[in-house]
Structures are given as structure tokens and as C-alpha cells.
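Asks: Structure for the following, please:
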Amino acid sequence: MMSLVVGVLVLGGLGLVLTQTPQGAAQTPAPLVTYPDFPPTPTVGPNPTAPAGLASSNVLFQSAFADTRALAEWQFVDQTYVIADLAAAWEVANGRLVQVGSGAARNPSSNEAAALVGAETWRDYTIRTSFYDEYNGVVGLIARYQGTEPTQSSYYRVRLFSTEHQVSPKVVLEKVVDGVSTTLAETKTAGFSPRTWHTLALSVQGANVQVQLDGQVLVAAQDTNPLPNGRAGLFTYAIGGIFFDDVAVTTP
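Replies: From the prediction side, this is the model:
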């Protein structure tokens with residue numbers, strides 16, 4: 001009986017301790033996890049018009065991605081081998097072509113992704129696009145693409161990296177033959193600024209290949225054994241977060 005009374009008194013004392021309100025002002029307990037303040041997602045504004053030097057009345061192809069039907073005009077390929085379930089994903093949203101990662105889950109991937117358009121008979125032309133990089137960091141264009149197997153195809157390609165991308169050089173113009181790449185020219189510029197619109201153009205004229213960013217020549221090369229003809233295309237990594245608009249392919 002005595003032990004029962006002692007037990008009740010002990011429990012009662014604990015209850016008083018646990019429920020006792022501390023003296024003074026009430027204190028809010030510190031959070032277990034503190035999250036950093038993230039800046040708001042930037043609004044993707046209107047894209048720029050093409051610089052005057054890129055204008056042409058001889059249009060082979062153009063698209064402003066007015067609706068999802070524009071997707072039918074393109075062939076989307078992975079330039080590195082991936083299983084079908086992890087293929088690069090593209091969609092049309094708000095009047096733009098958007099690279100949205102890879103696979104059904106839209107997970108970011110470092111796989112090389114391309115969107116091709118046109119005919120293999122195309123020879124001398126300029127492919128131009130407006131682009132807005134939110135967080136991808138890599139953009140490019142393709143010309144004279146030939147082949148049905150992406151890892152064994154031939155084409156010209158320019159790759160540009162943003163100022164936030166830890167790689168050098170920032171501009172690489174290359175020739176790919178049967179899947180093997182050779183650098184034609186490169187430059188160690190600062191890279192393009194992310195989260196703003198730019199206009200990128202890749203021109204092929206005979207043996208001459210030239211790249212322009214916002215109307216200014218970035219790099220140029222002359223190929224002693226030029227690829228003869230082929231389709232045009234867009235290039236990026238399957239990371240997501242990059243927008244394309246107002247794509248045009250024009251002849252001189």
C-alpha cells in the first residue's frame with residue numbers, strides 16, 4: 001500500500017514538472033530545419049526579333065510553336081545511347097518548344113538531346129532560333145545532319161555554355177562524322193547569360209561554317225572536306241529548363 005502511494009506521488013510530481021509553465025514571456029521553439037530563401041522563379045518574357053543580318057525572304061522552314069501540333073514537324077533524338085524509357089522529353093508550352101528532362105518522370109539528365117527538322121537534301125542555309133535558358137546551361141544548333149542512327153550520324157554542331165556552366169571553352173564548333181567528333185573551332189568567351197533571351201544562328205555555305213549570337217559572329221571555320229547536305233536541328237542536354245522559339249531555316 002505504501003509503495004502505491006509513493007508511486008502516485010512521484011507521478012504527480014512529474015506531471016507538475018512537465019506541465020509547469022516557465023516564468024516570463026513565452027518562447028517559440030527554434031525550427032528543426034531552416035530553409036534558405038530562394039529567389040522567385042523568373043518570368044520568361046517575350047523573345048527578341050531576329051537581328052537584321054539574319055533576315056531572309058527565302059524560308060525553307062519556320063515555326064513559332066503556336067500549339068502542340070508543331071511537335072509533329074520534328075524528330076527528337078538522343079545523341080548518346082539511352083534506353084527508350086529514359087529518352088529526352090520535349091513539349092510545347094506557352095508558344096515555345098521546351099526541353100523538360102528525360103523519361104516519363106522528367107528527371108534531369110546529362111544526355112545529349114536534339115530536335116531535327118527538314119530534308120537531307122538541304123545544302124546551304126542558316127538555322128536560327130531564339131532561346132531562353134532558365135537553368136540548363138547548354139544550347140546548340142545542328143546543320144547538314146545525315147543518318148538514321150544518332151550515334152553513327154554525321155553533321156555540324158555548335159555547342160554554347162552559359163556563364164554559370166563550369167566548362168571551358170564556352171563555344172565549340174565541331175564536325176561529327178559517323179558519330180566521331182572533330183573540333184573545327186572554339187573560343188574561350190564568357191558564355192551566354194542565362195535567364196534572358198538570345199538569338200543563335202548556324203550558317204553553312206559550301207565549305208564555310210559560321211556561328212552568330214545576337215547578331216555577332218562568335219566563331220567561323222572552313223572545312224576542307226565539307227559535309228554535302230542534310231537536316232537542321234536544335235541541341236541541348238536533357239536537363240530541362242530551356243525554351244526555344246521562332247525557329248527558322250533560310251537560304252541565302
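Asks: For K175, list each beta-bridge partner.
Replies: Beta-bridge partners for K175, by DSSP bridges, are Y156, T182.
Asks: For this structure, just list every one of the helices.
Replies: Counting by DSSP state H, the chain has these helices, from start to end: 2-19.
Asks: which regions of it lie under the pLDDT threshold?
Replies: Counting by pLDDT under 70, the chain contains low-confidence ranges at 1-43, 45, 48-57.
Asks: Apply 90 and report the result again.
Replies: 1-57, 79-84, 150-151, 165-167, 188-190, 252 (pLDDT under 90).
Asks: which parts of stretch 62-79 are buried?
Replies: Residues of stretch 62-79 classed as buried: S63, F65, A70, W74, F76, V77, D78, Q79 (neighbour count, 16 or more other CB atoms under 10 Å). Where you see a C-beta, it was placed from the backbone N, CA and C, and this is true even at glycine.
Asks: Report how far apart the opening and closing residues of that stretch are.
Replies: Stretch 62-79 has an end-to-end distance of 23 Å (criterion: CA to CA, to the nearest Å).
Asks: Contacts for that stretch, please.
Replies: Stretch 62-79 is contacted from outside by 61, 87-88, 90-92, 95-97, 111-117, 150-151, 235, 238, 244-249, using CB atoms under 8 Å, 6 or more residues apart in numbering.
Asks: Which of those residues are buried? Put it as a ChimeraX command.
Replies: In ChimeraX, this line selects whichever of those come out buried by 16+ other CB under 10 Å:
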select :61,87,88,90,92,96,97,111,112,113,114,115,116,117,150,235,238,244,245,246,247,248,249
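Asks: Which of the contacts of stretch 62-79 fall in strands?
Replies: Among the contacts of stretch 62-79, the ones falling in strands (DSSP state E) are 61, 88, 90-92, 96-97, 112-117, 235, 244-249.
Asks: Could you check how far stretch 131-139 is from the centre of its chain?
Replies: 4 Å (CA atoms, centre = their mean, to the nearest Å).
Asks: Please apply the same query to stretch 183-203.
Replies: 13 Å.
Asks: now swap in stretch 197-213 and tell me
Replies: Centre-to-centre, stretch 197-213 and its host chain are 19 Å apart (CA atoms, centre = their mean).
Asks: Can I get that stretch in PDB? Just the C-alpha atoms.
Replies: Only the C-alpha atoms of stretch 197-213 are listed here, as PDB (Å, rounded to 0.1, in the frame of the first residue of the first chain):
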ATOM      1  CA  TRP A 197      16.500  35.800 -74.500                       C
ATOM      2  CA  HIS A 198      19.200  35.300 -77.100                       C
ATOM      3  CA  THR A 199      19.200  34.600 -80.900                       C
ATOM      4  CA  LEU A 200      21.600  31.900 -82.100                       C
ATOM      5  CA  ALA A 201      22.300  31.100 -85.700                       C
ATOM      6  CA  LEU A 202      24.400  28.500 -87.500                       C
ATOM      7  CA  SER A 203      25.200  29.000 -91.200                       C
ATOM      8  CA  VAL A 204      26.600  26.500 -93.700                       C
ATOM      9  CA  GLN A 205      27.700  27.800 -97.100                       C
ATOM     10  CA  GLY A 206      29.800  25.400 -99.200                       C
ATOM     11  CA  ALA A 207      32.900  24.700 -97.000                       C
ATOM     12  CA  ASN A 208      32.200  27.700 -94.700                       C
ATOM     13  CA  VAL A 209      30.600  27.300 -91.300                       C
ATOM     14  CA  GLN A 210      29.700  30.300 -89.100                       C
ATOM     15  CA  VAL A 211      28.000  30.900 -85.700                       C
ATOM     16  CA  GLN A 212      26.300  34.100 -84.600                       C
ATOM     17  CA  LEU A 213      25.000  35.000 -81.200                       C
END
